[in-house]
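>>> Sharing a model prediction with you, sequence too.
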Amino acid sequence: MGDGPSIVGIGGTTRPGSSTEMLVRAVLGECEMLGAHTQMFAGAELLALPHYNPGEPQRTDGQRALVEAARGADGFVIGTPGYHGSVSALVKNAIDLLEDTRTDARVYMDGCPVGQIVSAAGWQATGVTLSALRDIIHSLRGWPTPIGIGVNTIVQRPFDESGAIIDESIAGAVKLQAQQVMEHVRGTHMRRAAK
Ligand SMILES: Cc1cc2nc3c(=O)[nH]c(=O)nc-3n(C[C@H](O)[C@H](O)[C@H](O)COP(=O)(O)O)c2cc1C
């Protein structure tokens, strides 16, 4: 693991070529350009997580990896598809696992910037899912970045066949979200150093 702030990406679907996953990876890539090291928990990793069960203390390797990454994170990027008008169960299950940090000195995402991404097949689900995701982040004491990225895959084509972003407005939003995550992290580090 390199130097620099740690930014953890969570999100995607089980679909090969998941646009949600690609968008989260794109923001993480921009964060890396700005000096971060990143870790990604995408569809395959999220699918391997058991249903979160507060009564079950045993953890799988995958669950431990996600919780440890979250504990060491300076910032997050969370991406979800809009499924039936909200955050997908796959992504919410991973988020619920952060309950394991409830008694840590730093609980949940306390003080961390959190970029949000939604991919859906219509504007209505894009908007309401983004709003739901922001509410979830607030409940985890995270700071949703001012810019949330919502992509309507019916009318927007974010990537070309090589995986490069070809939509200028999405490319701009991806860059801006990464900048906002990194500026928040650096501000937090400066405030801590000044104490
Ligand atoms: C179970 C399921 C429910 C969905 N519900 C909605 C929905 O309510 N509104 C919508 O706009 N799109 C809905 N979609 C479409 C997905 O949000 C959309 O295809 C999204 O871009 C998929 O993301 P991906 O490319 O990461 O797989 C649904 C898809 C599935 C499989």
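Yep, that arrived. Numbers count the residues shown, from 1 in each chain.

>>> which helix is the longest one in this structure?
Counting residues, the longest helix found in the chain (DSSP state H) is helix 168-194.

>>> Excluding covalently adjacent residues, which one is nearest to residue 35?
residue 4 (4.4 Å; CB to CB, 6 or more residues apart in numbering). For glycine as for every other residue, the C-beta is placed from the backbone atoms N, C-alpha and C.

>>> same deal with residue 77?
residue 115 (4.0 Å).

>>> didn't that neighbour look like it was pressed against residue 180?
Yes. Look at residue 115 against residue 180 with CB atoms under 8 Å: they come within range, at 7.3 Å.

>>> and the residue nearest to residue 77, which of the three is it?
Following DSSP: H, G, I helix; E, B strand; the rest coil, residue 115 is assigned to strand.

>>> mind checking how far the residue nearest to residue 47 when sequence neighbours are not counted is from residue 119?
Excluding the flanking residues, the one nearest residue 47 by CB to CB, 6+ apart is residue 14, at 5.5 Å. Look at residue 14 and residue 119: by CB to CB, to the nearest Å, they are 14 Å apart.

>>> Which one of these two is surrounded by more residues?
Neighbours around residue 14 and residue 119, counted as other CB atoms under 10 Å, are more numerous at residue 119. The numbers are 28 against 13.
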